[in-house]
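# Just a sequence and a predicted model for now, questions to come.
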Amino acid sequence: MCEEDADVVMDVVSCADVSCIAVVRYFSDFITLRVNTDIKLDEFKEQVFKEWKQFTPLGITFFFRESGKDFPLDCDFSLQALISITNSKQKTSVDIFLQNVPRVASSSSSRADSSISNGSSSTSSSTNNLTVTMYLEDKSKPAKPLLSDGWPKVLGDIVHVFFEGVKQVRVAFTKYRLRTGFQMIVTHNERSRFTAKCADEKCGWKFHAASIDERNEMFQVRSYNPEHICGAGGRNLNQTYSTSFSSSLIEEEVRKNPHKKPKQIAADFQTNYGINMEYYQAYNSREKVYDTIYGDDVKSYSHLVWYIDAIRETNPGSVIKFESENKQFQRIFISFAACIKGYRFCRPMVYLDTTFLTGTFKGCLMAATGINGGKGMFFLCVFFL
């Protein structure tokens, strides 16, 4: 924010009452408040304390970030100026960061406490010194950006197209709901249309997307009112999300580290996205990713019947022994016809090897090989128990 912006703001503040959504962030948590240019710093702090009761007025400071730099909000003017400039840039929301500052018996901390506790009385001196353009003295532990920071805009705007159909729309809506914290109601959730609105009947927020092709493969945003007028939409940490949604977010890291523990998955999920994840959710999400990568273990056994028929049809003379009990797999032995005939040209020696399987149903895999005339390994048969 430059001095020219500050001059513009003083004119705007004095002649118009504008408002926006203040997204107050503290590390991975946040709340949303509707604020206007009449608000005082003390009033703003009181609204924050209603949501976060663990803080005290003398133990916190506010700041905003612009072009990678931090600017303090330590008086009425700096807060009102930020709201005005946000509105003049036609933005509907602004990020305000909360910093918990322990009280230290020093002149600098005394001045900071005095500034926080007497925000309204220091408006005049702050205006003259353009505190809006000052940096924060304490920049330790700045708020870490989250991978979900862009989710409030994921729904796009009018005529925005979702090329993966209603599935992509549902994912985008879940991201928006989790990131903003507003309570939503889905009125239509069908293959050809998706409609949602704010749970507050007085709020005008509404989103509607519909299919634009006969096969419902592409959706387009038909109407969208992104403005919430329902005031503070404090984040609900208990908002639900499906296993399919969370598994899609952790799939890449599970592929890189298939043995990652659910406890670590849950911790990284909250650190990266600012969303709570319980142990059982992390476990189920990981299992969902396993199904995507390796396939369903149960269904894979049902494919054995088809596989045996295919071998007998395409490899006459092969030996196959398949045993089951109460429709449950027990063991299978396979030796292809070509391998049986080829053993006649191998040395009269058979090598057996076995390994334990660590999948869902465990088991043991055994194989027999021989040595051909070129001293190479020659496969003979395989036995799965």
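Received the coordinates, thanks. Numbering: from 1, shown residues only.
# When you work out contacts or count neighbours from here on, use the C-alpha atoms and nothing else.
Will do.
# so where do the strands sit in the stretch 151-300 of the chain?
161-162, 184-189, 193-198, 206-211, 219-225 (DSSP state E, counting those that start in this stretch).
# Comparing those, which comes out most buried?
Highest mean neighbour count among the strands of the stretch 151-300 of the chain (mean count of other C-alpha atoms under 10 Å): strand 206-211, with a mean of 22.
# Could you pull up phi and psi at the closest residue to residue 321 other than its chain neighbours?
Closest residue to residue 321 apart from its sequence neighbours, by C-alpha to C-alpha, 6 or more residues apart in numbering: residue 333 at 4.9 Å. Note on residue 333: backbone dihedrals following degrees, to the nearest 10 are phi -120, psi 130.
# Now do the contacts for residue 333.
Neighbour list for residue 333: 319, 320, 321, 322, 381, 382, 383, 384 [criterion: C-alpha atoms under 8 Å, 6 or more residues apart in numbering].
# So the last one sits against residue 323, correct?
No. Taking contact to mean C-alpha atoms under 8 Å, the distance of 10.6 Å between residue 384 and residue 323 leaves them out of contact.
# From one end of stretch 254-264 to the other, what's the distance?
11 Å (C-alpha to C-alpha, to the nearest Å).
# and it, how far from the chain's centre?
16 Å (C-alpha atoms, centre = their mean, to the nearest Å).
# So for residue 384 and residue 323, which residues contact both of them?
331, 332.
# Those two: which is more packed in?
For residue 384 versus residue 323, neighbours defined as other C-alpha atoms under 10 Å are more numerous around residue 384 (16 against 12).
# domains for this protein, by residue range?
19-100, 242-295, 298-384 (the TED database).
# Figure out which of those domains is closest to residue 153.
Proximity to residue 153 (C-alpha to C-alpha) singles out domain 19-100 among the domains of the chain, at 11.2 Å.
# Quick check: phi and psi on the nearest residue to residue 377 once chain neighbours are set aside?
Distances taken as C-alpha to C-alpha, 6+ apart place residue 371 nearest to residue 377, at 5.0 Å, with adjacent residues excluded. The phi/psi pair for residue 371 (degrees, to the nearest 10) reads phi -120, psi 120.
# Residue 371 reaches residue 347, doesn't it?
Yes. Contact criterion C-alpha under 8 Å: residue 371 and residue 347 qualify, at 5.8 Å.
# So which of those two has more stuff around it?
The neighbour count for residue 371 versus residue 347, taken as other C-alpha under 10 Å, is higher for residue 371 (18 against 12).
# How about the contacts made by that one?
Residue 371 touches 346, 347, 349, 350, 377, 378, counting by C-alpha under 8 Å, 6+ apart.
# helix, strand or coil for residue 32?
In three-state terms, and counting by DSSP: H, G, I helix; E, B strand; the rest coil, residue 32 is strand.
# Check which helix or strand the residue lying closest to it once chain neighbours are set aside maps to.
Of all residues not flanking residue 32 in the chain, residue 23 sits nearest, at 4.5 Å (C-alpha to C-alpha, 6+ apart). Applying DSSP states H and E as the criterion places residue 23 in strand 19-26.
# distance of the residue nearest to residue 377 from residue 281?
50 Å.
# where are the low-confidence patches of the stretch 101-250 of the chain?
101-144, 231-238 (pLDDT under 70).
# try 90
101-153, 156-159, 178-184, 199-204, 214-217, 226-240 (pLDDT under 90).
# all helices for it, in order.
107-117, 123-128, 166-180, 243-256 (DSSP state H, counting those that start in this stretch).
# What helices and strands are in contact with the last one?
Helices and strands in packing contact with helix 243-256 are listed as helix 279-294; criterion 3 or more C-alpha pairs under 8 Å, 6 or more residues apart in numbering; DSSP states H and E.
# Can you check what angle separates the helix it packs on from helix 243-256?
60 degrees (axes from the mean of the first three to the mean of the last three C-alpha atoms, to 10 degrees).
# What mean pLDDT does helix 279-294 get?
In this model, helix 279-294 has a mean pLDDT of 92.
# Any buried residues in that helix, and which?
For helix 279-294, the neighbour count (16 or more other C-alpha atoms under 10 Å) marks 281, 282, 283, 284, 285, 286, 287, 288, 289, 290 as buried.
# what does it contact?
243-244, 246-248, 250-251, 254-255, 262-263, 265-266, 297.
# And the buried ones among those, selectable in ChimeraX?
Per 16+ other C-alpha under 10 Å, the buried members of the contacts of helix 279-294 correspond to this ChimeraX selection:
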select :243,246,247,250,251,254,262,263,265,266
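# Who are the contact partners of the closest residue to residue 153 other than its chain neighbours?
With C-alpha to C-alpha, 6+ apart as the criterion, residue 153 has its nearest non-adjacent residue at 7.4 Å, and that residue is residue 176. Residues near residue 176 by C-alpha under 8 Å, 6+ apart: 151, 152, 153, 154, 155.
# next one: residue 322
331, 332, 333.
# could I get those residues as TSV with distance to residue 313?
What follows is those, written out as TSV (distance: C-alpha to C-alpha, whole Å):
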residue	distance to residue 313
331	21
332	18
333	17
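# So which residue is dead centre in the protein?
Nearest residue to the geometric centre of the chain (C-alpha atoms, centre = their mean): residue 273, 4.6 Å.
# From what I see, it and residue 150 are in contact.
No. Judged on C-alpha under 8 Å, residue 273 makes no contact with residue 150 at a distance of 10.6 Å.
# and for the two, which residues touch both?
By C-alpha under 8 Å, 6+ apart, no residue touches both residue 273 and residue 150.
# list the helices and strands the top helix by length along the chain packs on?
Selection of the longest helix in the chain by residue count, based on DSSP state H, yields helix 297-314. Applying 3+ C-alpha pairs under 8 Å, 6+ apart, we find helix 297-314 packed against no helix or strand.
# Mind listing residues that contact it?
Contacts for helix 297-314 (C-alpha under 8 Å, 6+ apart): 291, 318, 320, 329, 360.
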